[in-house]
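Trainee: test case, fold it:
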Amino acid sequence: MEVKPIKCFLLDHGYSTLTSAPCCDTHLGDPRDISFSALHSNPRYLEIKQSMDQGVWHKACDYCRVVEERNDNVKSKRQMSLTKFDNTIEKDTLVELQLAPGYLCNLQCRSCTPYLSSSWVSEYRSMPVVILAAQKNPFPNDITQVYPPALYDYANDDWSTIKYVDFVGGEPIYNNEFYVQLKKLVDETGGESVVSFTTNGTIVMDFKKHPWIAKFKEMHICVSVDSVGPSAEFIRTGTNWNKVEQTIQFYKLMPQFKNHISYHLTNSVLNILETDNTLTYLESLGVPRTNLTIHVSNPVYLSYSVLTHDEKIEIIKQIQDTRAEYVIPALNDCSYNPDHRSQFLLFMEHTKNYHGMDWKDYVPALYKIMNQQNK
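Mentor: Presented below is the predicted three-dimensional model:
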């Protein structure tokens with residue numbers, strides 16, 4: 001019987017510095033700074049490759065396998081990669097890249113952690129022990145375990161064949177390494193690669209200091225926006241909402257970003273009653289939303305499990321038949337947990353003490369519902 005290999009373009013042609021792997025769902029382990037040029041001699045990679053070549057799904061690729069077996073008109077990452085690229089690309093040629101310049105960030109978003117924001121480190125270490133105990137991955141005392149000197153040894157990697165690059169963070173624009181990697185890209189591709197990056201919208205790219213950025217023919221920007229106005233400044237702590245509005249307008253005027261601006265919203269208990277207004281506002285700006293939907297499950301005290309049954313009923317009444325109604329199934333699937341609620345209230349008290357921001361002033365609709373029983 002003839003063996004039919006399971007072809008995956010990303011296995012041979014993609015690379016993620018988040019996991020030192022062919023794609024985001026294939027973990028090769030430490031060291032994280034493995035280069036693409038060394039990837040194809042890595043034992044873990046060879047194990048995955050051999051399995052797929054023999055027509056057997058490797059367990060590291062379960063995400064794509066499950067999507068394809070469901071066959072519900074949704075393409076897996078593997079399938080999308082096969083339709084994006086042709087078969088003329090030589091094996092072991094680096095074509096798609098996801099880069100994490102580092103985890104430097106200027107904000108302390110409420111749903112974030114020190115793992116994704118350097119600004120969170122000092123606040124994290126001041127939080128009550130009860131809240132820290134609810135964290136899925138406790139932050140170590142030795143910061144070098146999280147922020148190693150080099151995340152990606154790309155010096156010997158040939159980037160001239162790269163067609164798509166996606167930058168994540170931290171906040172990429174806040175990190176000079178972002179510009180170092182962009183410069184390597186433009187030097188080696190001549191600006192032919194398509195660059196995408198996600199930003200919190202509080203900082204704009206410095207085109208005056210780095211005029212060579214204009215050589216990229218196409219750039220995509222996704223702005224992380226969880227709410228608008230005062231609630232945005234609370235949820236994405238450290239944000240100046242007026243600055244975010246200016247940033248969106250700035251990129252809309254840049255030729256490279258024409259028709260390539262979108263936004264991403266992370267759903268949590270904090271913005272559940274702000275979502276309709278957020279989506280309506282961004283739609284009025286002509287900024288589309290990405291297809292990715294995320295509901296916070298960690299930290300647990302920002303999940304929907306902090307809400308009682310009666311509170312969920314009231315919230316559903318308010319978001320039914322609005323742009324926020326897509327949240328309802330996830331809201332119904334999350335059972336009330338009194339421990340999570342206690343941790344939420346402690347976290348709100350911590351935020352008030354640490355940042356001088358009281359949630360009753362920034363998300364008053366949520367505060368009112370969660371405090372009805374106290375009246």
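Trainee: residue 326 falls within a helix, correct?
Mentor: Yes. Counting by DSSP: H, G, I helix; E, B strand; the rest coil, residue 326 falls inside a helix.
Trainee: surely it touches residue 294?
Mentor: No. Using Cβ atoms under 8 Å, residue 326 is not in contact with residue 294; the gap is 11.9 Å. All C-beta atoms are positioned from the backbone trio N, CA, C, and that covers glycine.
Trainee: what's residue 238 in contact with, if anything?
Mentor: For residue 238, the contact set (Cβ atoms under 8 Å, 6 or more residues apart in numbering) comprises 106-109, 119, 202.
Trainee: try 10 Å this time
Mentor: When contacts are counted by Cβ atoms under 10 Å, 6 or more residues apart in numbering, residue 238 touches 105-109, 117, 119, 200, 202, 355.
Trainee: which of those tops the neighbour count?
Mentor: For the contacts of residue 238, the largest number of neighbours (other Cβ atoms under 10 Å) sits with residue 200, at 26 neighbours.
Trainee: can you pull the contacts of that residue?
Mentor: Under the criterion of Cβ under 10 Å, 6+ apart, the neighbours of residue 200 are 105-107, 109, 112, 117, 169-174, 223-226, 236, 238-239, 244, 247.
Trainee: tally up the residues packed near residue 369, please.
Mentor: Using other Cβ under 10 Å, residue 369 has 18 other residues around it.
Trainee: state the helix or strand in which the nearest residue in space to residue 322 that is not next to it in sequence lies.
Mentor: Nearest residue to residue 322, sequence neighbours excluded (Cβ to Cβ, 6 or more residues apart in numbering): residue 276, at 4.0 Å. If you go by DSSP states H and E, residue 276 is part of helix 275-284.
Trainee: roughly how far is the next helix or strand after that helix from the heart of the chain?
Mentor: For helix 275-284, the following helix or strand on the C-terminal side (DSSP H and E) is strand 294-295. Its chain's C-alpha centre lies 11 Å from the corresponding centre of strand 294-295 when counted by Cα atoms, centre = their mean, to the nearest Å.
Trainee: now for strand 294-295, which elements pack on it?
Mentor: If contacts are counted by 3 or more Cβ pairs under 10 Å, 6 or more residues apart in numbering; DSSP states H and E, strand 294-295 sits against strand 266-267, helix 328-333.
Trainee: keep only those of the contacts of residue 200 that are in strands.
Mentor: 223-224 (DSSP state E).
Trainee: the contacts of residue 200, buried ones only, as a PyMOL selection?
Mentor: Restricted to buried positions by 16 or more other Cβ atoms under 10 Å, the PyMOL selection for those reads:
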select buried, resi 105+106+107+109+112+117+169+170+171+172+173+174+223+224+225+226+236+239+244+247
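Trainee: what's the burial count for residue 159?
Mentor: Residue 159, neighbours per other Cβ under 10 Å, totals 18.
Trainee: pretty sure residue 33 is touching residue 19, no?
Mentor: No. The criterion here is Cβ atoms under 10 Å, and residue 33 misses it with residue 19 at 11.8 Å.
Trainee: tell me which of the two has more neighbours.
Mentor: Just comparing residue 33 and residue 19: by other Cβ under 10 Å the higher neighbour count belongs to residue 19, 18 against 15.
Trainee: quick one: the helices in the stretch 51-200 of the chain?
Mentor: 62-70, 77-84, 120-124, 129-132, 176-189 (DSSP state H, counting those that start in this stretch).
Trainee: about what we covered before: give me the common contacts of residue 326 and residue 294.
Mentor: Common contacts of residue 326 and residue 294, defined by Cβ under 10 Å, 6+ apart, comprise residue 267.
Trainee: ok, now which ones touch residue 282?
Mentor: Contacts of residue 282 (Cβ under 10 Å, 6+ apart): 223, 225, 228, 248, 262-263, 265, 288-289.
Trainee: so how far is residue 175 from the residue nearest to the spatial centre of the chain?
Mentor: Note on the chain: the residue nearest the mean C-alpha position is residue 168, at 6.9 Å, using Cα atoms, centre = their mean. Counting by Cβ to Cβ, to the nearest Å, the separation of residue 168 from residue 175 is 11 Å.
Trainee: low pLDDT regions in the stretch 251-375 of the chain?
Mentor: Applying pLDDT under 70 to the stretch 251-375 of the chain flags residues 373-375.
Trainee: let's go with 90 and repeat that
Mentor: The model of the stretch 251-375 of the chain has pLDDT under 90 over residues 252-259, 286, 289-294, 297-299, 372-375.
Trainee: once you drop chain neighbours, what's closest to residue 157?
Mentor: Excluding the flanking residues, the one nearest residue 157 by Cβ to Cβ, 6+ apart is residue 36, at 4.8 Å.
Trainee: need phi/psi at that neighbour.
Mentor: Backbone geometry at residue 36, expressed as degrees, to the nearest 10, gives phi -60, psi -40.
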